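> Here's my sequence, what's the structure:
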Amino acid sequence: MMLNTQTAARFDELVAGAQAQGRTPCLVAAVVRDGRPAHLAVAGTDPATGLAPTGDTQFRIGSISKTLTAVLMMQLRDEGALALDDLLYRHLPGTPVGSAITIRQLLGHISGLQREPDGLWWERHDGPDMDTFLAALTPDKLAYPPHRAYHYSNLAYGLLGAVAHKLTGLHWTELVTKRLLEPLGMTRTSYCEVEPFARGYVVHPWHGTLNEEPRTDTGAMAPAGQLWSTADDLLKWSAFLAEPDPAVLAPATLAEMCAPVVMTDLDAWTTGHGLGLELIRSGERIFAGHGGSMPGYLAHLWTHRPSRTGVVAFANAYTLHGRRMADLSRQLLTEVLDAEPERPAPWQPQPAGQPHELEGTWWWMGREFAARFDADAGELVFTPVTVPGTPWRFTTEGADVWRCHSGSNDGEVMRVRRDAERTPVELDIATFLHTRQP
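Have a look, this model is predicted:
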């Protein structure tokens, strides 16, 4: 579904203003809704070609690469190859920091590892191979005790790539390609640049002149920020983060990745980090995604999972003058959601038939609950009446046993108690007895 004319014009206006104020040669932003591209905005031209970029123009996406690394690790967890609370030492024996930190801590940036590996700035120089990278590790790479505080670490994601390599015998690039890019049809996302691509620049702060930046092969640090992609491809990734293909990653696993591991601003509690995904509150909405930067490039992706709406943005300059790319992309996504909120699914009448025996009113401690059976979903839905709240949705697990998967009873078991005539008289939800009378 394309954006309406007014929303699209406002989106274009914001992108054009950000390109002019930000002093970047090119700025590209795009929207996805319900898995389909909804709008593309472009401002500026590539100085190398004189052409405006398109949805098929590659930019370097930097640390958005980490979100793919994180999904790879969760795939391996779901396959039983690792556990999130495994010590790093289990998979990389002899690693000097491996006896203190876990896979979960590495994914959530709470391992305490320093931000960068030692040596030359890895983003501007070709990186080492895996063996050289691991050999350079020393115990003093721990800047903090694990889980003491949020501390963003590129080094952590280099190590996660090493774990994936050790477990599978495949290079990180092969894993990303075979497990993610090919199944999702992301044919224009690659390890190195492939034409057409936008050259990346540093803009002189006084003169506005350009210095083209090197396009490096980061080697063992690739899992932290190597990939190149396009607006068209990253919209597919945003759609995946909103509603994953179960053949690639279980929806429950992606929901787990979007749960906060740590709050990154302890004063306001508006930003956090999950398992490989940045989380931010925008009004009453939570966006999941990640930013990225490499010399000459900025990128950002935010996804609003409930509405299956996302925004991706790219610039081919290392700095967007006067603002952060994360703030621009958040503003763009908020504008779209405010102007065109998700429409509720139309109500459909239920087919005639006998009511479910558990439907009707139930009571607990003077509080009323309304139960109905959703035949389409095969779920028993409990809606709080006296004290409004999120409905509890139950699916059956056997005779008189139901499992909740939403709201405050998520994961809890409900057991049906019957009288001598086999009439349901009590619902035992995690020892809280619900009865037909208050």
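> use CA for all of it now, contacts and neighbours both
Noted.
> Alpha carbons of stretch 424-438, in CSV - could you do that?
This file holds the C-alpha atoms of stretch 424-438, laid out as CSV (Å, rounded to 0.1, in the frame of the first residue of the first chain):
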residue,chain,number,x,y,z
PRO,A,424,-16.6,-26.6,34.4
VAL,A,425,-16.8,-24.7,37.7
GLU,A,426,-13.3,-23.4,38.3
LEU,A,427,-10.4,-22.3,36.1
ASP,A,428,-7.1,-22.6,37.9
ILE,A,429,-4.7,-20.2,36.3
ALA,A,430,-1.3,-20.5,38.0
THR,A,431,-3.1,-21.3,41.3
PHE,A,432,-5.5,-18.3,40.9
LEU,A,433,-9.0,-19.9,41.0
HIS,A,434,-11.6,-18.2,38.7
THR,A,435,-15.2,-19.1,39.3
ARG,A,436,-18.6,-18.5,37.7
GLN,A,437,-19.8,-16.4,40.7
PRO,A,438,-18.0,-13.5,42.3
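> can you pull the buried residues of that stretch?
By 16 or more other C-alpha atoms under 10 Å, the buried positions in stretch 424-438 come out as 424-429, 433-436.
> from those, which single one is nearest S111?
Within the buried residues of stretch 424-438, the smallest distance to S111 is 37.5 Å, found for I429 (C-alpha to C-alpha).
> Excluding covalently adjacent residues, which one is nearest to that closest one?
M414 (4.3 Å; C-alpha to C-alpha, 6 or more residues apart in numbering).
> residues near the one you found, how many?
24 (other C-alpha atoms under 10 Å).
> Distance check, it against A83.
29 Å (C-alpha to C-alpha, to the nearest Å).
> again with G296
Relative to A83, G296 is positioned 37 Å away (C-alpha to C-alpha).
> can you give me the strands for the stretch 251-400 of the chain?
Remark: strands assigned in the stretch 251-400 of the chain by DSSP state E, counting those that start in this stretch are 262-263, 271-273, 278-282, 285-294, 297-304, 309-315, 360-364, 367-374, 379-384, 392-398.
> Direction included, what does the second one pair against?
Using DSSP bridges, the neighbouring strands of strand 271-273 in the sheet come out as strand 262-263 (antiparallel), strand 278-282 (antiparallel).
> How about the last one?
In the sheet containing strand 392-398, its partner strands are strand 379-384 (antiparallel), strand 401-404 (antiparallel), by DSSP bridges.
> With the fifth one instead?
The sheet places strand 297-304 alongside strand 285-294 (antiparallel), strand 309-315 (antiparallel), with pairing taken from DSSP bridges.
> I'd like the average pLDDT over the longest one.
Average pLDDT, strand 285-294: 97.
> ok, back up a step: and the strands paired with strand 297-304 as CSV, adding distance to S65?
Formatted as CSV, those follow (distance: least, C-alpha to C-alpha, whole Å):
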stretch, distance to S65
strand 285-294, 8
strand 309-315, 14
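> could those strands be laid out in TSV, adding distance to A48 and mean neighbour count?
Output for those, formatted as TSV (distance: least, C-alpha to C-alpha, whole Å; neighbours: other C-alpha atoms under 10 Å):
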stretch	distance to A48	mean neighbour count
strand 285-294	19	22
strand 309-315	15	31
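> how about those, which one is nearest L134?
Ranking the strands paired with strand 297-304 by proximity to L134 (C-alpha to C-alpha) places strand 285-294 first, at 22.7 Å.
> on that earlier part again, right, so the strands of the stretch 251-400 of the chain: which one is the most enclosed?
Greatest average neighbour count among the strands of the stretch 251-400 of the chain goes to strand 309-315 (a mean of 31), per mean count of other C-alpha atoms under 10 Å.
> ok, back up a step: quick one: which of the strands paired with strand 297-304 is nearest G50?
Closest approach to G50 among the strands paired with strand 297-304 (C-alpha to C-alpha): strand 309-315, 15.6 Å.
> can you dump the C-alpha coordinates of that closest one into PDB?
C-alpha atoms of strand 309-315 as PDB (Å, rounded to 0.1, in the frame of the first residue of the first chain):
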ATOM      1  CA  THR A 309       5.900  -0.500   9.100                       C
ATOM      2  CA  GLY A 310       9.600   0.400   8.700                       C
ATOM      3  CA  VAL A 311      11.900   3.100   7.500                       C
ATOM      4  CA  VAL A 312      15.400   2.800   6.200                       C
ATOM      5  CA  ALA A 313      17.700   5.800   5.400                       C
ATOM      6  CA  PHE A 314      21.200   6.200   3.900                       C
ATOM      7  CA  ALA A 315      23.700   9.000   3.400                       C
END
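> Please state the offset of that strand from the chain centre?
Strand 309-315 sits 13 Å away from the centroid of its parent chain (C-alpha atoms, centre = their mean, to the nearest Å).
> same question, stretch 326-342
Offset of stretch 326-342 from its chain centre (C-alpha atoms, centre = their mean): 17 Å.
> And the average pLDDT for it is what?
96.
> quick one: contacts of it?
3, 7, 11, 14, 18, 29, 31, 282, 291, 300-302, 307, 309-313 (C-alpha atoms under 8 Å, 6 or more residues apart in numbering).
> List the buried residues of that stretch.
Neighbour-count burial for stretch 326-342 flags 326, 328-337 (criterion: 16+ other C-alpha under 10 Å).
> Out of the helices and strands in the protein, which is least certain?
Lowest by mean pLDDT, DSSP states H and E among the helices and strands of the chain is helix 130-135, with a mean of 88.
> which residues are contacting that one?
95, 162, 219-220.
> Identify the farthest-apart pair in the residues you listed.
T95 and G219 (18.6 Å).
> Quick check: which element contains the residue nearest to I429?
Here M414, judged by DSSP states H and E, is contained in strand 413-418.
> and that strand with strand 392-398, angle?
70 degrees (axes from the mean of the first three to the mean of the last three C-alpha atoms, to 10 degrees).
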